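Novice: structural data only, the sequence is not supplied:
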C-alpha cells in the first residue's frame, strides 16, 4: 500500500489533499492569472509537478518495476534535465537566471522554492505522500499570492515560506533522525538486498540522478569474481570491528550501523550487510539530505549518486538563510531533541557510521555568484551555535564516545580511461601490510616523542614554514604523543598523528593547489599564532574579499577562526605514487591523500568527545595528546570546546623541504629531508619513489 504508517482515516485525508493539490497545480499550466515575469516560472513548476504525479501513479499501481530500462532512463533524465549541463544556465534553479528574469528580491526567493520543491522527487519514489503533499500546498499558497498581484507583498511570500519551515520543522528533522537509527526504514536496504543486481534497472529505483558513473561502476563490480567482492567487503567491515577493539569499546552492546555509499556499489554493499549481520549489526541507510532544513552546505552525507550539477549544489549550500533566525534555531534544536527522545532506545544501540567514499570526479572550482543566498553575520553565529548545541544533544542520546566508524575509498569511472587499473591499484593500497607499517611508524613516533616541537618547511612553490608544538611527556616509558594509525577505521594504512599543543604553534601553512570537500583551492595560505588561524587567503577569485569569504564559508565553516586540531605524518608512499603514476593526485580523496605526506587539520581534534577515554598504541604506551587548550574548555565552558568540523590539508612529499624533530637541547632529528624519508627504520618507504625512477 502507498500508505506508510498512517491510519485509514489519516490516509484518506492525505490522499484527498494530494488530489486537490494536483488538480489545482494542473491548472497553472494553462492559466493566465499571474503576470509576467512570473507566469513562466509557475508554469515550469506545474510541469515538473506533473512529472512527479506520473511517478506517484506508477508507484501506486506497482508498475514502475515493469518498465524497460530505456523508459527508466527517460524518466530519470526528464526529472533532472533542467539542472544538468548548459540547461542550468536558463533554469530557475540557477539564482543568476532567476534574478535576471524576476528581479533580485523575488529571484532569490523563488529560486530557493524551485530548488526546495525538487525534494518531492524522493518523496514520490519512497512513497512519502504526506511530505510530497505539504510541499505542493506550499507552492499553491505562494502561487495564490502572485494571482492577487495588488494584495500581497514580498514579506507575505517570505512569511509563507518561513511559516512552512517552522511548522514542519519537527516532521523534517525527526524523520532525519529516524532514517539514521530506525532499521525499519529500509527503502535503500530493500533495493540492495532484493534486486537482481545484474539488471541495472535497479539503479533507477532510487530516484536519484543516474549517470554513466553509476552504470559503469555497477557493471564493473558485476564483472568481478565473488571472491574479490567478499575480500573488499571483509577489509571494510573488519576495519570497523577493529576500531571498536582499538578504542576499548564493546561492539556487542550495539545493534545498528549506518551505511553510506555511492549508488553503483550495491554488490559490495550487499556483502557488507551480510558481514555486519554476523557481528549483530543491522544497517540503516539514509539518503543524502535534499531539503534545506537538513542539508549541511553542499556536502552529501548519506547514500547518493553523482551530482547532476555541482555548481547547482554550491549555489544552494546556504538556502537555509531564507528562513534561519533565532526562533527557527530553537525550534530545530527542540525537534532534534524530541526526535532522539522518541527513539532513544534505538539511539542507544547506534554503533556509528560506515562509509564507502568515491573519488575521481573532475576537479571543480565553483563560480562565486552574487545572487546566491548567503548567511549574514547574525545567521552565521546562529548556524555555528546550532551545530554546537546539536553536538551535545547527539552525544547525550547517541553516546558518540561509545561509537566507532570506518571509511574506505574507491574510484569511479569519471576518473578516466585507466579506471579499472586505478581500481585494482586502490584495492592494493587498501590492503597493504599493517604490521610492516606499524613497525615503520613506531620508529617515527620514537623520534617524535623526543621533541619539543616539529618544524615543517616546504620547497619549490610551497611556502609552508611552521612550528608545531608537542605536549610534554611526563613519563616517556609509558606515554606518547602520537597514535600509530594502521588500517582499521581509516583505510588505507599509513599515518602517525597527534593533537598539538596550541600555545607555541606558529607559522604559515601553504599549498599551491589542494582539493578539499570537493572544492579546489589555489594558493591556499593559513597563518597560525598559538595554534589558531589568524589570517587566510587564496587565489581562486580576482579579489581578496571573495577569496576570504570562500575560505570562511567552506573551510572555516563560518567560524571567525579555527585551531590546529591535528598534525600528522603520512607514510603511504605507495598511494602517493599511485597518484603520480595515473596523474590523479589532486583527485585522491582526503582519506588517501592524508596518508601521502604531512597533513594539518583545522577544527576539532581526532578525539572529539572521547578525550577522557584512555587510548593506547600497540606498544602499550598511552596516547596522552587527546586534548588541546580549546577542547579542555568542555569541562568549564562546553559551548566553546568544539567546532564540529575537521578538515585535513596535506602537503605532498614532493613539496617538502624538511620535517624535523627539534629537541629542547637544540639538537634535531630529521624525518624527511628533500622529499625523502631519512630517519633510520623508515628508508624502506623510499622504495616506491625509487621504483618510479627505474621505469623505462
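Specialist: The structure has been received and is ready for your questions. In this text, all values refer to a predicted model and were calculated from it rather than measured experimentally.
Novice: quickly list the domain ranges of this structure.
Specialist: 8-167, 182-407, 432-694 (automatic domain parsing).
Novice: how long is the shortest one end to end?
Specialist: Here the two ends of domain 8-167 are set 24 Å apart, with distance taken as C-alpha to C-alpha, to the nearest Å.
Novice: now find how far off-centre it is within its chain.
Specialist: 27 Å (C-alpha atoms, centre = their mean, to the nearest Å).
Novice: same check on the second one?
Specialist: Relative to the centre of its chain, domain 182-407 is centred 8 Å away, using C-alpha atoms, centre = their mean.
Novice: could you pull out the strands in the stretch 501-650 of the chain for me?
Specialist: Secondary structure of the stretch 501-650 of the chain (DSSP state E, counting those that start in this stretch): strands located at 506-516, 519-529, 532-537, 564-570, 598-603, 622-623, 646-650.
Novice: could I get the domains of the chain as JSON lines with mean neighbour count?
Specialist: Where C-beta positions appear, they are placed from N, C-alpha and C, glycine not excepted. Conversion of the domains of the chain to JSON lines gives the following (neighbours: other C-beta atoms under 10 Å):
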{"stretch": "domain 8-167", "mean neighbour count": "17"}
{"stretch": "domain 182-407", "mean neighbour count": "19"}
{"stretch": "domain 432-694", "mean neighbour count": "19"}
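Novice: could those domains go into CSV alongside mean pLDDT and distance to residue 417?
Specialist: Formatted as CSV, the domains of the chain follow (pLDDT from 0 to 100; distance: least, C-beta to C-beta, whole Å):
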stretch, mean pLDDT, distance to residue 417
domain 8-167, 96, 22
domain 182-407, 96, 12
domain 432-694, 94, 10
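Novice: my guess is residue 556 meets residue 533, correct?
Specialist: Yes. Checked against C-beta atoms under 8 Å, the pair residue 556 and residue 533 is within contact range at 7.1 Å.
Novice: if we can go back for a sec, nearest to residue 418, of the domains of the chain?
Specialist: Among the domains of the chain, the nearest to residue 418 by C-beta to C-beta is domain 432-694 (5.3 Å).
Novice: and that closest one, how far from the chain's centre?
Specialist: 20 Å.
Novice: the residue of the chain most remote from its centre and residue 141, how far apart?
Specialist: Residue farthest from the centre of the chain, counting by C-alpha atoms, centre = their mean, is residue 150 at 44.7 Å. The gap separating residue 150 from residue 141 is 18 Å, by C-beta to C-beta, to the nearest Å.
Novice: same deal with residue 465?
Specialist: For residue 465 relative to residue 141 (C-beta to C-beta), the value is 58 Å.
Novice: repeat that for residue 372.
Specialist: Distance from residue 372 to residue 141, by C-beta to C-beta: 24 Å.
Novice: ditto for residue 341
Specialist: Residue 341 is 31 Å from residue 141, by C-beta to C-beta.
Novice: again, but for residue 49
Specialist: Applying C-beta to C-beta to residue 49 and residue 141 gives a distance of 14 Å.
Novice: ok, now which ones touch the residue lying closest to residue 164 once chain neighbours are set aside?
Specialist: Closest residue to residue 164 apart from its sequence neighbours, by C-beta to C-beta, 6 or more residues apart in numbering: residue 138 at 4.9 Å. Residue 138 is in contact with 113, 117, 160-161, 164, counting by C-beta atoms under 8 Å, 6 or more residues apart in numbering.
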